[in-house]
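**Student:** Okay, here's the prediction I keep looking at, along with the sequence it came from:
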Amino acid sequence: MSDRFSAIDPEKQMRIINAAYKEFARQGYKKASTNRIVEAAGIGKGMLFYYFGSKLELYHFLLEYAVTFFEQYFGRLRDGPIASDYIEQYKIASTMKLEAYLKNPYIFEFYTRLFYNPEDLKVSSDAKKYYDEILTLYSEVMSIMHTNSNMSNFRTDMDAHKVIRYINWCLEGYSQELINKFRLEGQNLSDMDLTPYWDEYYEVLGDLKNIFYQSED
């Protein structure tokens, strides 16, 4: 973080960071507009370049910031409690992910875009380096989750790794559906009572256990 940017009010920093993540996540590097970023952040365009120097330096800052953010997020998953079965472990991870999402709602969208649009990483060698650091963190945590989670209660007539993929697809799809719904309705997650949605989510987890776990009879 540049000295100029670190010197400003933290709330203003987050406005700029969120506005920039949102713009790059939605538009990609080439089409991202610094005019839209400053408008969303409520600052003058000259100030953005005063803080970061150029659009590319701002992009590098976001990537470096994402590495630090995900180091903290994945670190909590890596060092956190280990549940007795895979779906319960996923429940713990989901809670931590929501907490992280509320702190920076667009950083996950930004990372997802990089995953599916690797051309955004071609703007510089540094961009690819930062992305690879995040991908390594993610891979390490997923490996730990799969190793430590108890899969002995999975159905015996299905391959365990297939079961994990199906569960992940279902839950990631459910989460993305909710995020898209809230976005279309213009709702801010940090201002919402999420209890009904957590209740529904736990019901989904129960249904997945009925589908993919061995019968307790």
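**Tutor:** Noted; the coordinates are in hand.

**Student:** What pLDDT does the model give Asp85?
**Tutor:** Asp85 carries a pLDDT value of 83.

**Student:** Tell me the secondary structure at the closest residue to it other than its chain neighbours.
**Tutor:** Excluding its sequence neighbours, the residue lying closest to Asp85 (C-beta to C-beta, 6 or more residues apart in numbering) is Asn150, at 4.8 Å. For every residue, glycine as well, the C-beta is placed using N, CA and C. The three-state label for Asn150, taken from DSSP: H, G, I helix; E, B strand; the rest coil, comes out as coil.

**Student:** Identify the residues contacting Asn150.
**Tutor:** Neighbour list for Asn150: Ala83, Ser84, Asp85, Tyr86 [criterion: C-beta atoms under 8 Å, 6 or more residues apart in numbering].

**Student:** Make JSON lines out of the residues you listed and add distance to Tyr21.
**Tutor:** As requested, the contacts of Asn150 are exported to JSON lines (distance: C-beta to C-beta, whole Å):
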{"residue": "Ala83", "distance to Tyr21": "31"}
{"residue": "Ser84", "distance to Tyr21": "36"}
{"residue": "Asp85", "distance to Tyr21": "34"}
{"residue": "Tyr86", "distance to Tyr21": "31"}
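
**Student:** From Ile16, how far out is the residue nearest to Asp85?
**Tutor:** 44 Å (C-beta to C-beta, to the nearest Å).

**Student:** again, but for Glu177
**Tutor:** Using C-beta to C-beta, one obtains 30 Å as the distance from Glu177 to Ile16.

**Student:** which of the two has more neighbours?
**Tutor:** Ile16 (23 against 10; other C-beta atoms under 10 Å).

**Student:** Quick check: closest non-adjacent residue to the more buried one.
**Tutor:** Nearest one to Ile16, counting by C-beta to C-beta, 6+ apart, is Ala41 at 4.5 Å.

**Student:** mind listing what that neighbour touches?
**Tutor:** Contacts for Ala41 (C-beta under 8 Å, 6+ apart) come out as Lys12, Arg15, Ile16, Asn18, Ala19, Ala20, Leu48.

**Student:** What's the local residue count around the fifth one?
**Tutor:** Other residues near Ala19 come to 20 when the count uses other C-beta under 10 Å.

**Student:** ok, it touching Thr34?
**Tutor:** No - counting by C-beta atoms under 8 Å, Ala19 stays clear of Thr34, with 10.1 Å between them.

**Student:** which residues of this protein score low on pLDDT?
**Tutor:** Judged by pLDDT under 70, the chain has its weakly predicted residues at 1, 146-149, 187-191, 216-217.

**Student:** Show me the helices in the protein, by range?
**Tutor:** For the chain, the helices defined by DSSP state H cover 3-6, 10-31, 34-41, 45-52, 55-79, 86-103, 107-116, 125-148, 160-184, 195-212.

**Student:** Those: which one's closest to Phe154?
**Tutor:** Among the helices of the chain, the nearest to Phe154 by C-beta to C-beta is helix 160-184 (4.9 Å).

**Student:** by how many degrees do that closest one and helix 195-212 diverge?
**Tutor:** Using axes from the mean of the first three to the mean of the last three C-alpha atoms, to 10 degrees, the inter-axis angle of helix 160-184 relative to helix 195-212 is 160 degrees.

**Student:** If you count contacts, what does helix 160-184 end up packed against?
**Tutor:** With contacts taken as 3 or more C-beta pairs under 8 Å, 6 or more residues apart in numbering; DSSP states H and E, helix 160-184 sits against helix 86-103, helix 195-212.
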